[in-house]
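Peer 1: below: sequence and its predicted model.
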Protein chains: 2
Amino acid sequence: ASIEEGETVTLTKFTVFSDSIRCKDCLQGAMEEMEKALKLSLPVLYQYQKEYLKEYWNHCFLEIEGDDDLTAAVNYNMYQLIQSVGKDEYCNIAAKGLSGEGYEGHYFWDTEMYIQPFFNLTEPGITKNLISFRYRTLEKARENARILGHRKGALYPWRTIMGTECSGYYPSGSAGYHINGDIAYSVVAYYLSTKDIEFIVEKGAEILFETARLWMDVGNYYNGSFRINCVTGPDEYTCMVNNNYYTNVCAQFNLNWAVKFYRLLKEEKKLSPVAEKIHLTEEEIKEFDQAARNMYLPYDEKLKINPQDDSFLQKKVWDLEHTPKEKFPLLLHYHPLHLYRYQVCKQADTVLAHFIFEDAQSLETIRNSFDYYEKITTHDSSLSTCIFSIVASKLGRTEKAYEYFGDSAKLDLFNTHKNTKDGIHTANMGGNYMAIIYGFAGLRIKEDGLHFAPSIPKQWKEYRFKINYEDSQIFVEINSEESKFSLLKGSPKQVVIRGKRYELKDTLVV
Amino acid sequence: ASIEEGETVTLTKFTVFSDSIRCKDCLQGAMEEMEKALKLSLPVLYQYQKEYLKEYWNHCFLEIEGDDDLTAAVNYNMYQLIQSVGKDEYCNIAAKGLSGEGYEGHYFWDTEMYIQPFFNLTEPGITKNLISFRYRTLEKARENARILGHRKGALYPWRTIMGTECSGYYPSGSAGYHINGDIAYSVVAYYLSTKDIEFIVEKGAEILFETARLWMDVGNYYNGSFRINCVTGPDEYTCMVNNNYYTNVCAQFNLNWAVKFYRLLKEEKKLSPVAEKIHLTEEEIKEFDQAARNMYLPYDEKLKINPQDDSFLQKKVWDLEHTPKEKFPLLLHYHPLHLYRYQVCKQADTVLAHFIFEDAQSLETIRNSFDYYEKITTHDSSLSTCIFSIVASKLGRTEKAYEYFGDSAKLDLFNTHKNTKDGIHTANMGGNYMAIIYGFAGLRIKEDGLHFAPSIPKQWKEYRFKINYEDSQIFVEINSEESKFSLLKGSPKQVVIRGKRYELKDTLVV
């Protein structure tokens, strides 16, 4: 066609992305991708995107009546999460998503503990991808275990892109063995919310078995109990300790579920492929079970709390009250050796354990621990306040929970910390979602089903959200008067609300 | 003068050394040095050197009848030590002396624990220089303490040239706080063998006070006892532990002697200058005393040994028997995290404490500890076997002591490890001297005087050596029949031989 002077021409440029991980031949891969793209007109592509997001918004619906900014912020966060997260087994989700170079694009435990809990309830297919990424890199995790001196099992790297360890400072890098338990936990969490046994057969069980094996190699019996020495828990202000409570309870969970999956797969007659592949024996399963039963979980009789580790309570208490503001975050102003010598926490550690493994301790112990650690936690990590908020909710302290929740959901949309130019904070986005759903609404997915313990901050009139659970979609509306549960899709469900069991058929008001 | 063809001319080239630490103006310093040199003829310089060495050989006389190679080797070692050691307060002695670039010429605790014990007995003036080096860098040690977060006291760097910390890996670098106690110990050792109170007034006491202050800041009371958390002892295969026995007993000694020097200087009316300079109070001295009295020294009731640290015995025992030879030294083949998780020692740690602080424990405990640690020590450090040899001698196990002593004295003269091209091993040289004098001869210098506990390996006919002690020079001859002590110079001395006290006037045969 010829173009006359003065005519307007619109050029449409198609860009495709190709890489050598996904395609053997990058150019060929790019050409195929381009061919697909060229077959579609731009309006059709827009339409696809629209439909994709429409469905997404339906799955992750969340609004807070009484705080429009907050509703906008959490929706912005959910949009960023779906934009940032990997859509196949070749990638994961980076600390800054795709929006900044902070943390070098590495993947951390943030994925499993702060982001998957969101996708589990909204887009479990994404969780499946994220776990598939871990499965794809399981062989690298085995190699990593060998590097760290372990004769068996797999040890996931603390930070990674391709599956190899990328942390440069091992005391708060490779020593964070709880990453293994976190990944195991996320597999179980996915299973509990989807009952997708096929995925467990195909990938999940192997991850559980290999991570369980690692605990057997890293730990040892002493005075009849199973101990785990020289690891670093979530709190990076205390490194390379013995029997970090969080790590040990994580390992216990990991070992227990390796046993459960083993039995489940055996029952389903689907055990052989994985068991044969990794030469898993009944004897090992017995050892897992025994170690889990005898797992040493530090408990202090005097304070009636779980100490963060064996020697945590022997240490001096950091004087946070008299630490000048400009000295925070502490890690930028004090030598690690100095920090390690004090009772001071960068972030939720035992308190995190009290959220995700809440049934391991009595409510009284959890309350005591919360009160104890609250006084010595700096929240220098952005992974911390959301967890304190959730546990405060659990303890019925809604006001405190709201204080911890604060403006953190608005961090990136309103650029409250003036650092969004360096990239968004994906774990914070997931964490804030958790503080609402797992915190205020008190949602838990356990072996015995779906639990809620609804509460609402006095600043809100009502909040409403949708979640996926097994084959169902449930709509939840919570205000200070009542909580309403509606089954939008799927089969009736048992729901436990504040400890009382209900049948959810159509609508349930409590 | 004119030179005819065929005449021989000898050119003498004078080279002087100058540096900006010793001289403000390097060139001027060099010129002055050159002027001095030019005033002396070469034969006169040779004569000076000859006289210097003649006196040195007289002071450090040592010969072993029955092993001429060994006599040659120990004399070679003593020659290398005097050649390598700093002759003023501006330098010290490097791990490779001046003969190689290994360890980058840095100064370590080797100086205080492996080399000063030799010079103390032979050339105490050299010890004085070495301590003066530490005194000159005390201000840097104060700065280092601040960097490590301590509000008071001084922390000597793990490795240094100019007084600043030069270690790159802090878990087995800066975390080795025992360097403070080692330096304090060496000041006391110098004092006990010379009674040079003036030097204590001038330099020694200030070092003791400032290092003692650091222990008060690093440690804390817990359950009534004084604890020291998150430090690394001599054994670098177990890092950043709580209550390393060696470190705690070192700190106790340091604190005790700070108190003793305080009282001594007060009595002598020489306290004010140093006390005023560093604002030392009676209150602090009370605190030192209290901490020393309440120092926590780990003891295991079951094994009746001193555990290396609080959690050492909880760990798995490394299977040394089945570790292939090519896997040694372990640190080159295993990740530190892996090593730290096992009961395995690179070198004497608690056993070293049992040598230098032998009165802190019963002989039975020392024997049990020796037997326990012997099984799990790799001696991957060259600072280890000499200490095991000394403690074996102490336990009356002369044959074992000789096994540990082995050929190590011949390391450099006969190049037994084929690595002397990389430089000599100065600490090994000092260590071997110690294994003879402190080991076989059982020499100790304590507050109550000079001690001996002579023994002789069956491979030797007799060994003879001279030592300086206070104002005296003593000649010792030991064979399997008897030990002969001759006072060559100075006033009569009390000598304790195998626990029995004697008066040494001229000659004493036991």
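Peer 2: Nice, thanks for sending it over.
Peer 1: excluding chain neighbours, what is closest to whatever residue of the stretch 201-350 of chain A ends up closest to chain B?
Peer 2: As assessed by Cβ to the nearest Cβ, chain B sits closest to residue A:338 within the stretch 201-350 of chain A, at 3.0 Å. Placement of C-beta: from N, CA and C, glycine included. Closest residue in space to residue A:338, ignoring its immediate chain neighbours: residue B:149 at 3.0 Å, by Cβ to Cβ, 6 or more residues apart in numbering or on different chains.
Peer 1: before we move on, what about residue A:380?
Peer 2: Per Cβ to Cβ, 6+ apart, closest to residue A:380 is residue A:329, 3.6 Å.
Peer 1: over to residue A:189?
Peer 2: That would be residue A:120: by Cβ to Cβ, 6+ apart, it lies 5.8 Å from residue A:189.
Peer 1: check contacts around that neighbour.
Peer 2: Residues near residue A:120 by Cβ atoms under 8 Å, 6 or more residues apart in numbering or on different chains: A:127, A:189-190, A:193-194, A:445.
Peer 1: list the buried ones in stretch A:114-126?
Peer 2: Under the neighbour-count criterion of 16 or more other Cβ atoms under 10 Å in any protein chain shown, stretch A:114-126 has A:114-124, A:126 buried.
Peer 1: name the SS class of the residue nearest to residue A:189, please.
Peer 2: Three-state assignment for residue A:120 (DSSP: H, G, I helix; E, B strand; the rest coil): helix.
Peer 1: quick one: contacts for residue A:73?
Peer 2: Counting by Cβ under 8 Å, 6+ apart, residue A:73 has contacts A:409-410, A:412-414.
Peer 1: where do the strands of chain A begin and end?
Peer 2: For chain A, applying DSSP state E gives strands covering A:62-65, A:219-222, A:225-228, A:316-317, A:342-343, A:444-446, A:449-452, A:462-469, A:472-479, A:483-489, A:493-497, A:500-504, A:507-509.
Peer 1: format those strands as CSV; extra columns: mean neighbour count and distance to residue B:299.
Peer 2: Output for those, formatted as CSV (neighbours: other Cβ atoms under 10 Å in any protein chain shown; distance: least, Cβ to Cβ, whole Å):
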stretch, mean neighbour count, distance to residue B:299
strand A:62-65, 19, 59
strand A:219-222, 18, 18
strand A:225-228, 22, 21
strand A:316-317, 14, 24
strand A:342-343, 21, 26
strand A:444-446, 17, 46
strand A:449-452, 18, 49
strand A:462-469, 21, 56
strand A:472-479, 19, 58
strand A:483-489, 17, 59
strand A:493-497, 17, 52
strand A:500-504, 12, 54
strand A:507-509, 13, 63
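Peer 1: these into JSON lines, with extra columns for distance to residue B:258?
Peer 2: Converted to JSON lines, those look like this (distance: least, Cβ to Cβ, whole Å):
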{"stretch": "strand A:62-65", "distance to residue B:258": "63"}
{"stretch": "strand A:219-222", "distance to residue B:258": "38"}
{"stretch": "strand A:225-228", "distance to residue B:258": "38"}
{"stretch": "strand A:316-317", "distance to residue B:258": "21"}
{"stretch": "strand A:342-343", "distance to residue B:258": "25"}
{"stretch": "strand A:444-446", "distance to residue B:258": "57"}
{"stretch": "strand A:449-452", "distance to residue B:258": "60"}
{"stretch": "strand A:462-469", "distance to residue B:258": "64"}
{"stretch": "strand A:472-479", "distance to residue B:258": "65"}
{"stretch": "strand A:483-489", "distance to residue B:258": "67"}
{"stretch": "strand A:493-497", "distance to residue B:258": "64"}
{"stretch": "strand A:500-504", "distance to residue B:258": "66"}
{"stretch": "strand A:507-509", "distance to residue B:258": "73"}
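Peer 1: quick one: which of those strands is nearest residue B:434?
Peer 2: strand A:219-222 (36.4 Å; Cβ to Cβ).
Peer 1: any residue of the closest one touching chain B?
Peer 2: Yes - Strand A:219-222 is in contact with chain B by Cβ under 8 Å from any Cβ of the partner chain, via A:220, A:222.
Peer 1: strands paired with that strand, and their directions?
Peer 2: Here strand A:219-222 is paired, per DSSP bridges, with strand A:225-228 (antiparallel).
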